[in-house]
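**Q** only geometry, no sequence info:
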């Protein structure tokens, strides 16, 4: 098991905040993907911790049309959606380890609530953008 019993209990406690179902789509590859097996196992353990979570596993090459529809061209990638398949644009590339795992948990809760948590002021500012923005946050393991 990748998630210790102590952490499983803590995550289950956090997941009591889930308001609605969340679909975790995982895009993996058997070619040149050192972390795909580990991420797949981590996600399988994670969805066991709440009945509101579902895991769908795809191969970035075998399921090429689905991957391309979501703008995915490499693996591993985690996509979070609600049960209506609303794509919030949330993508985790690579293994969500360390602090990134906590971010993944928070994003799962946010998707279940259907709310970004942004203030009204921020929402208004974003609504005034004249073109699409592709925001990427890069992290490195420490």
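**A** Everything's here; your move. Since the structure is predicted, the reported quantities are computational estimates derived from the model, not experimental observations. Numbering: from 1, shown residues only.

**Q** switch to C-alpha atoms for all contacts and neighbour counts from now on
**A** OK.

**Q** now the strands for this protein?
**A** For the chain, applying DSSP state E gives strands covering 22-28, 53-59, 77-82, 87-93.

**Q** Mind telling me which of those strands the model trusts least?
**A** Per-stretch mean pLDDT for the strands of the chain is lowest at strand 87-93 (a mean of 90).

**Q** Could you save the strands of the chain as JSON lines and add columns showing distance to residue 129?
**A** Below are the strands of the chain laid out as JSON lines (distance: least, Cα to Cα, whole Å):
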{"stretch": "strand 22-28", "distance to residue 129": "28"}
{"stretch": "strand 53-59", "distance to residue 129": "33"}
{"stretch": "strand 77-82", "distance to residue 129": "24"}
{"stretch": "strand 87-93", "distance to residue 129": "17"}
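
**Q** Same list, those, but as JSON lines with mean neighbour count and distance to residue 7 please.
**A** Formatted as JSON lines, these follow (neighbours: other Cα atoms under 10 Å; distance: least, Cα to Cα, whole Å):
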{"stretch": "strand 22-28", "mean neighbour count": "24", "distance to residue 7": "20"}
{"stretch": "strand 53-59", "mean neighbour count": "17", "distance to residue 7": "17"}
{"stretch": "strand 77-82", "mean neighbour count": "22", "distance to residue 7": "21"}
{"stretch": "strand 87-93", "mean neighbour count": "15", "distance to residue 7": "21"}
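
**Q** Much appreciated, bye for now.
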